[in-house]
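Student: Based on what follows, work out the 3D shape:
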Amino acid sequence: MRQGLIACITCELLALAIWIGGLVVLVAAVIPALFNTFGGQDAGGFFLTRAFEGYNRLVLGAAAVLMLGTVWRAWLFQRGLVESEVSRTEWFLLGTMLLLAGVITFVLHPQAAALQAQAFALKAEEARKAAFEAFFQLHKPMRVLYILNIGLGIALLTERVRSWNLVKE
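Tutor: Alright, predicted model coming up:
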């Protein structure tokens, strides 16, 4: 039982590391390097769209691991096999993260990718400018949701560490 719980918590922490770390790497390293390397907005933009699609897939996998781990720990607590229950704060944070990730992955990102492809396909400068404006307008809430989700991920990680009761009270 103890080994299974250690494995569960380890997988949850790895999933949170992927969730948080993946976005930090994209924002802090990939995006700045991208536009200085590919030499153009079109190539860089398409690459970045693919990078975020990959990140979104990783987040879906991480979400599954986090959900399964949390449900399993709650089940163990109900059976009296572990002392610490899954807090309401943890459920709330995880639920909100999953909701935001779902909205980004299944609603906003596909719309943004379609607008971006449309903008890149246009040749007339005025039409291209209008298409990019529509893309950037849609992308603003996506950026806010990504940043909000990273903050929620850090809060969930903090909540998980807090539950370990490292110091006797």
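
Student: any weak-confidence spans in the chain?
Tutor: The model of the chain has pLDDT under 70 over residues 35, 38-41, 165-169.

Student: What segments of it are strands?
Tutor: Shown for the chain, no strands are assigned by DSSP state E.

Student: how about it, which residue sits the furthest from its center?
Tutor: Of all residues in the chain, residue 124 has its C-alpha farthest from the mean position, at 35.5 Å, by Cα atoms, centre = their mean.

Student: okay, now the residue nearest to residue 101 when sequence neighbours are not counted: neighbour count?
Tutor: Among residues not flanking residue 101 along the chain, residue 59 sits closest, at 5.1 Å (Cβ to Cβ, 6 or more residues apart in numbering). Bear in mind the C-beta positions are built from the backbone N, C-alpha and C, glycine included. When neighbours are counted by other Cβ atoms under 10 Å, residue 59 registers 27.

Student: list the contacts for residue 59?
Tutor: 18-19, 22, 101, 105 (Cβ atoms under 8 Å, 6 or more residues apart in numbering).

Student: Tally up the residues packed near residue 30, please.
Tutor: The burial count for residue 30: 16, using other Cβ under 10 Å.

Student: Name the residues of stretch 132-152 that are buried.
Tutor: If you call a residue buried by 16 or more other Cβ atoms under 10 Å, then stretch 132-152 has these buried ones: 132, 135, 138-139, 142, 145-146, 149-150, 152.

Student: Surely residue 113 and residue 50 touch.
Tutor: No. If you go by Cβ atoms under 8 Å, residue 113 and residue 50 don't touch, sitting 9.2 Å apart.

Student: Of the two, which one has the most company?
Tutor: Shown here are residue 113 and residue 50; by other Cβ under 10 Å, residue 113 has more neighbours (17 against 11).
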